[in-house]
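1. Task: produce atomic coordinates for the following.
(chains A and B)
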Amino acid sequence: MLSQSKHGADPMKIATWNVNSIKARLPNVLAWLDAAKPDVLLMQEIKTVADGFPTMEFESRGYNLAIHGQKTYNGVAIASIFRLDDVRRGLPGYEDPQARFIEAWIDAGDRGCRVASIYLPNGNPLGTEKFVYKLDWMERLIAHARKLLKDEEAVVLGGDYNVIPEDRDCHDPKAWAGDALFQPESRAAFRKLLHLGYTEAFRALHDEPLAYSFWNYQARAFERDAGIRIDHLLLSPQAADRLTACQIDKAPRAEEHASDHVPVWCSLAAPER
DNA sequence: ATGTCGGCATTGTGCCGA
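-> Numbers count the residues shown, from 1 in each chain, chains lettered A, B, ... in the order given. A predicted model of the protein is given here:
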């Protein structure tokens, strides 16, 4: 009898991707799912209510779905090979008219974990209610993330944070100086989230600059590699201890009809026992 | 300042959001 501890279970692969409309992006998303085979895909900006989500295409590939949809704008979803349990839509205690947060337990035995798909407000332009909403939303997320740590579970908070954490995550800091994604307040709130005890998966394993997850559709940004890194996977200590890999998959951005964001994924090994 | 997308209300095009 082969023991689990000797050969081990495959690591759990968890990805996040702002797809910028699941209906418009369906062929791209399905092609990436078939090639990359993530166990879990956290999606943002699905831009549809649940009724409009192409459920069959995911289910035929073995994925279970949890959707927090909205017409026209926003909308988040979780696709998982494993059963989804304890699904929560919206940040607890926050009457948010915009669908930007969904959370679930991934029922994968000893590799189980809690995941959230997060679409943090953009916040532009500065000096408007939109930036106030962004910072307020971040405080609400911080409060919830703090509570999640109390359960001492493996937690993966993945999504489009709309925050450029550091200068090295930006092709041209000067060009983004007046943008909500690059403001000191936005970056301080992101650090506050980390300081609770979360580990940003990509920077835990990679030091290199020029690692971007978003390139504007305009001005040939991708061809010039004029990008920013705003899609992140934040891990609780129990998840961070299991982190074995994290990559930004740049290839989908070069495809026809691409999203302006690319998938970012991490692998979590089974916990030691 | 602008570029380019996607969705929508709407049938040709302009607006919003990013």
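2. wait, isn't A:Lys13 in contact with A:Ser267?
-> Yes: here A:Lys13 lies in contact with A:Ser267, judged by CB atoms under 8 Å, at a distance of 5.3 Å. (C-beta placed from N, C-alpha, C; glycine too.)
3. give me phi/psi at A:Asn124?
-> In terms of degrees, to the nearest 10, the main-chain angles of A:Asn124 are phi -90, psi 150.
4. Can you give me the neighbour number for it?
-> Neighbourhood size, A:Asn124 [other CB atoms under 10 Å]: 16.
5. same check, this time on A:Leu157
-> Neighbour count of A:Leu157, defined by other CB under 10 Å: 27.
6. check which helix or strand covers it.
-> For A:Leu157, the element it lies in under DSSP states H and E is strand A:155-160.
7. so what's the spatially most central residue of chain A closest to, chain neighbours aside?
-> Closest to where the C-alpha atoms of chain A average out (CA atoms, centre = their mean) is A:Gly159, at 2.0 Å. Excluding the flanking residues, the one nearest A:Gly159 by CB to CB, 6 or more residues apart in numbering is A:Ile118, at 3.1 Å.
8. Tell me which residues touch that neighbour, please.
-> Residues in contact with A:Ile118 (CB atoms under 8 Å, 6 or more residues apart in numbering) are A:Leu42, A:Gln44, A:Val76, A:Arg100, A:Phe101, A:Leu141, A:Leu157, A:Gly158, A:Gly159, A:Asp160, A:Tyr161.
9. where's it relative to DNA strand B, distance?
-> Per CB to the nearest atom of the strand, to the nearest Å, A:Ile118 is found 14 Å from DNA strand B.
10. interface residues of chain A facing DNA strand B?
-> Contact residues (CB under 7 Å from any atom of the strand) of chain A with DNA strand B: A:20-21, A:23-25, A:47-48, A:71-73, A:121-122, A:124, A:130, A:217-219, A:257.
11. that older thread, what strands line up against the strand holding A:Leu157, and which way round?
-> According to DSSP bridges, strand A:155-160 forms sheet pairs with strand A:113-119 (parallel), strand A:231-235 (antiparallel).
12. How far away from the center of its chain is that strand?
-> Averaging C-alpha positions (CA atoms, centre = their mean, to the nearest Å) puts strand A:155-160 5 Å from its chain's average.
13. now what about the next helix or strand after it, what contacts it?
-> Later in the chain than strand A:155-160, the nearest helix or strand by DSSP H and E is helix A:184-195. Residues outside helix A:184-195 that contact it (CB under 8 Å, 6+ apart): A:123, A:134-135, A:138-139, A:141-142, A:145, A:161-166, A:180, A:200, A:234.
14. Spit out the contact partners of the closest residue to DNA strand B within the stretch 151-273 of chain A.
-> Of all residues in the stretch 151-273 of chain A, A:Ala219 sits closest to DNA strand B, with a separation of 3.0 Å (CB to the nearest atom of the strand). Neighbouring residues of A:Ala219 by CB under 8 Å, 6+ apart: A:Ala226.
15. hang on, it is in a helix, isn't it?
-> Yes: with DSSP: H, G, I helix; E, B strand; the rest coil as the criterion, A:Ala219 is part of a helix.
16. in the stretch 1-150 of chain A, which segments are predicted with low confidence?
-> For the stretch 1-150 of chain A, the stretches with pLDDT under 70 are A:1-8.
17. List the contacts of A:Trp32.
-> Applying CB under 8 Å, 6+ apart, the residues contacting A:Trp32 are A:Trp17, A:Asp249, A:Pro252, A:Pro263.
18. Out of those, give me the one that has the most neighbours.
-> So for those (other CB under 10 Å), the most neighbours sit at A:Trp17, 31 neighbours.
19. which residues pair with it across the strands?
-> Beta-bridge partners for A:Trp17, by DSSP bridges, are A:Met43.
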